[in-house]
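*Asks:* I need the structure of the sequence given here:
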Amino acid sequence: MESKEEVIKKKRPLISTLARILVWILGSLVFLVILVLILIQTSFVQNFARKKVVGYLEHKLHTKVEIGKLDVDFPTALSLQNVFFEDQSKDTLLFGGEIKVDVNMFKLIKNDIEIKEIALNNILVKVKKLPPDSVFNFQFIIDAFTSEQKKVPNKQDTATLKMNIDRILVNKTRIIYKDAFTGNDMDLAINHLDTKINTFDPAHLLFNIPTITLNGLKGHFYQMEPLKKSIEKTVAEAASVPDNYLRLINNEINLTDINVVYKSESANINSTFVIGDAVVHPKTIDLKNSILTLKDATLSNSDITIETASKAIDKKPKDTILTVAPTPPMKINSDQLIVKNINLKYDDQSVPKAPSGMDFSHLGIENLSLSMHNLEYSIDTILASVKEASMKEKSGFVLNNLTTNFLYEPQGVFLYNLLIQTPGSEIKNRAYITYPSLEAIKKNPGDLGLFLDLQNSKISMKDLWTFVPQIKGRTSSLSPNSTLYIDAKVTGKVSDLNLHKLILRGLTTTDINVN
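*Replies:* Got it, this is the predicted structure:
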């Protein structure tokens with residue numbers, strides 16, 4: 001019978017052998033992993049994978065696909081270079097230099113897409129929806145992959161797929177968008193776009209993008225006449241979709257070097273925006289109710305041109321006017337708004353040009369600077385506290401400074417704490433203008449209500465001729481450098497004014513003091 005010591009001695013070689021086998025297996029696995037990591041970095045393996053990917057996509061999509069180079073920096077980065085995707089009409093869908101994705105590949109196993117960065121460099125994207133089709137030209141890609149998911153039963157709910165994107169970078173990329181059914185035509189070239197993303201939730205349309213930096217945007221956005229049948233179909237489809245609105249959260253938008261043309265055929269507007277610098281700090285962005293609330297906004301070194309035809313005939317088909325669901329008018333609230341060195345041109349081409357004076361239908365403003373607080377803007381109401389304003393106008397009018405508490409509403413314009421300073425004029429205190437409606441005073445100007453309370457003010461004839469050119473013929477004997485000194489309190493309607501006080505002096509040797 002074997003002793004206890006002999007049994008222990010026999011077990012030791014067995015344990016030692018098992019340990020060596022286990023170490024050999026683990027070492028082999030580690031070696032294989034290291035070998036795979038090394039091989040996947042080689043151009044031979046990556047080129048082999050590139051061909052397989054291209055072959056799979058071409059077979060799956062039934063269209064031409066090209067990938068010039070595939071770079072895999074395991075386990076984080078994937079780069080596709082010299083990419084070409086063709087749509088089903090044999091036109092370019094996507095073409096460009098590089099699409100780079102920095103993704104955590106280990107988390108993909110858990111159905112968790114964690115992307116640290118997506119970078120698009122030198123890319124051309126064409127998105128189209130043209131007759132006779134009523135879908136976008138990329139729809140075939142969605143159909144190709146979703147159809148496979150419908151055929152193969154999957155126990156795992158696709159809703160459990162998690163996606164997170166930390167940053168998107170776009171460099172020297174062009175986007176062409178044409179939708180004949182809605183009438184939208186866009187062609188924009190982006191020099192550099194950098195966004196930081198805290199929340200990316202497409203399933204619930206929630207996007208928290210703290211910062212957006214855009215440098216260099218050139219191109220156009222046209223709103224053409226839409227196809228009539230498409231509008232009816234689009235509205236019917238929209239009515240069947242549950243109430244789900246895009247929610248966007250943002251802290252800062254920084255724009256530089258923008259040159260964009262906006263044109264709307266239905267609104268008869270043709271405008272150009274050349275923006276040097278613009279910085280916006282939003283508080284809340286309510287897209288559902290079209291309400292934008294800002295901490296502050298700054299616009300500087302920019303040229304804005306707006307051409308319109310206010311009396312042009314509305315070309316919109318009658319049967320499409322009532323089919324489109326109404327969109328809430330935009331409302332903007334801002335604690336502070338600063339404008340510096342802005343040139344603004346406004347031209348209403350349906351109104352003849354005035355022979356002299358300031359023509360409010362054909363304005364040419366230069367070097368506009370403006371500082372406002374507590375701005376509230378809507379389609380029919382503007383409320384703001386103007387701290388300072390200055391500009392030059394092509395008529396020769398120069399505004400050195402303007403401060404006032406300003407209110408515009410459907411029944412009038414109100415100026416409180418008013419101070420207007422030009423090289424020859426100074427107007428102080430307050431002025432109100434009221435009316436039943438703008439249409440009503442066009443028919444009956446006598447219904448225009450006035451409340452003028454001017455104290456220790458003066459108005460130069462040059463400024464008076466600029467704003468009221470009709471009196472220039474009657475006062476042509478006076479020098480443009482003449483000054484009218486005025487103290488006045490006038491109330492009532494134009495048809496029935498009450499002169500509480502009117503003191504005029506400076507135009508002749510006679511002073512006027514009436515009530």
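
*Asks:* Hmm, residue 192 and residue 171 touching each other?
*Replies:* Yes. Counting by CB atoms under 8 Å, residue 171 does reach residue 192; the two are 5.6 Å apart. (Each C-beta comes from the backbone N, C-alpha and C, glycine too.)

*Asks:* all strands of the stretch 151-300 of the chain, in order?
*Replies:* Applying DSSP state E, counting those that start in this stretch to the stretch 151-300 of the chain gives strands spanning 162-165, 167-179, 184-196, 199-201, 206-208, 211-223, 247-249, 252-264, 269-286, 291-308.

*Asks:* As CSV, those with distance to residue 503 and mean neighbour count would be great.
*Replies:* Below are these laid out as CSV (distance: least, CB to CB, whole Å; neighbours: other CB atoms under 10 Å):
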stretch, distance to residue 503, mean neighbour count
strand 162-165, 69, 16
strand 167-179, 63, 17
strand 184-196, 59, 16
strand 199-201, 64, 15
strand 206-208, 61, 15
strand 211-223, 54, 16
strand 247-249, 56, 15
strand 252-264, 50, 16
strand 269-286, 46, 16
strand 291-308, 41, 17
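
*Asks:* For residue 434, which of the ones you listed is the nearest?
*Replies:* strand 291-308 (27.0 Å; CB to CB).

*Asks:* Report the mean confidence score over that closest one.
*Replies:* When pLDDT is averaged along strand 291-308, the result is 95.

*Asks:* Compute the inter-axis angle for it and strand 269-286.
*Replies:* 180 degrees (axes from the mean of the first three to the mean of the last three CA atoms, to 10 degrees).

*Asks:* strand partners of strand 291-308, parallel vs antiparallel please.
*Replies:* In the sheet, strand 291-308 lines up against strand 269-286 (antiparallel), strand 331-348 (parallel) (DSSP bridges).

*Asks:* how far away is residue 93 from residue 126?
*Replies:* Taking CB to CB, to the nearest Å as the measure, residue 93 falls 6 Å from residue 126.

*Asks:* and for these two, which residues touch both?
*Replies:* 87, 137 (CB atoms under 8 Å, 6 or more residues apart in numbering).

*Asks:* now for the strands of the stretch 151-300 of the chain, which one comes closest to residue 131?
*Replies:* So among the strands of the stretch 151-300 of the chain, strand 167-179 is nearest, using CB to CB, at 11.0 Å.

*Asks:* so what does the closest one touch, helix or strand wise?
*Replies:* Packing partners of strand 167-179 (3 or more CB pairs under 8 Å, 6 or more residues apart in numbering; DSSP states H and E): strand 112-129, strand 184-196.

*Asks:* so how far is it off the chain centroid?
*Replies:* In terms of CA atoms, centre = their mean, to the nearest Å, the centre of strand 167-179 is set 14 Å apart from its chain centre.

*Asks:* Repeat that for stretch 416-426.
*Replies:* 35 Å.

*Asks:* can you give me the end-to-end distance of that stretch?
*Replies:* End-to-end distance of stretch 416-426 (CA to CA, to the nearest Å): 15 Å.

*Asks:* Could I get the average pLDDT for it?
*Replies:* 93.

*Asks:* buried ones in that stretch?
*Replies:* 418-422, 424-426 (16 or more other CB atoms under 10 Å).

*Asks:* Not counting its own residues, what contacts it?
*Replies:* By CB under 8 Å, 6+ apart, the residues outside stretch 416-426 that reach it are 397-407, 427-431, 457-460, 462-463, 481, 483.

*Asks:* Name only those of the residues you listed that count as buried.
*Replies:* 397-399, 402-407, 427-431, 457-460, 462-463, 483.

*Asks:* Out of those, list just those in helices.
*Replies:* Among these, DSSP state H puts 462-463 in helices.

*Asks:* Could you list which of the buried ones among the contacts of stretch 416-426 belong to strands?
*Replies:* Among the buried ones among the contacts of stretch 416-426, DSSP state E puts 398-399, 402-407, 427-431, 457-460, 483 in strands.

*Asks:* wait, isn't residue 381 in contact with residue 406?
*Replies:* No. Contact criterion CB under 8 Å: residue 381 and residue 406 do not qualify, at 11.1 Å.

*Asks:* What ranges in the chain fall below the confidence cut-off?
*Replies:* Applying pLDDT under 70 to the chain flags the ranges 1-46, 74-75, 104-113, 145-163, 203, 228-244, 312-327, 507-510.

*Asks:* With distance to residue 360 added, can I get the strands paired with strand 291-308 in TSV?
*Replies:* Shown next, in TSV, are these (distance: least, CB to CB, whole Å):
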stretch	distance to residue 360
strand 269-286	17
strand 331-348	8
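
*Asks:* which secondary structure element contains the closest residue to residue 390 other than its chain neighbours?
*Replies:* When the adjacent residues along the chain are set aside, residue 390 lies closest to residue 369, with 5.1 Å between them (CB to CB, 6 or more residues apart in numbering). Applying DSSP states H and E as the criterion places residue 369 in strand 362-377.

*Asks:* I would like the residues contacting the helix or strand that that strand is followed by, please.
*Replies:* Under the assignment DSSP H and E, the closest C-terminal helix or strand after strand 362-377 is strand 382-393. Contacts to strand 382-393, defined as CB under 8 Å, 6+ apart, come from residues 337, 358, 363-377, 398-408.

*Asks:* May I have strand 382-393 exported as PDB, CA atoms only?
*Replies:* The C-alpha coordinates for strand 382-393 follow below in PDB (Å, rounded to 0.1, in the frame of the first residue of the first chain):
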ATOM      1  CA  ILE A 382     -40.900  94.700 -30.500                       C
ATOM      2  CA  LEU A 383     -39.800  95.800 -27.000                       C
ATOM      3  CA  ALA A 384     -36.300  96.900 -26.200                       C
ATOM      4  CA  SER A 385     -34.200  99.200 -24.200                       C
ATOM      5  CA  VAL A 386     -31.700 100.900 -26.600                       C
ATOM      6  CA  LYS A 387     -28.600 102.000 -24.700                       C
ATOM      7  CA  GLU A 388     -26.800 103.400 -27.700                       C
ATOM      8  CA  ALA A 389     -27.100 103.500 -31.500                       C
ATOM      9  CA  SER A 390     -25.200 105.200 -34.400                       C
ATOM     10  CA  MET A 391     -25.200 105.000 -38.200                       C
ATOM     11  CA  LYS A 392     -24.900 106.800 -41.500                       C
ATOM     12  CA  GLU A 393     -27.500 106.600 -44.300                       C
END
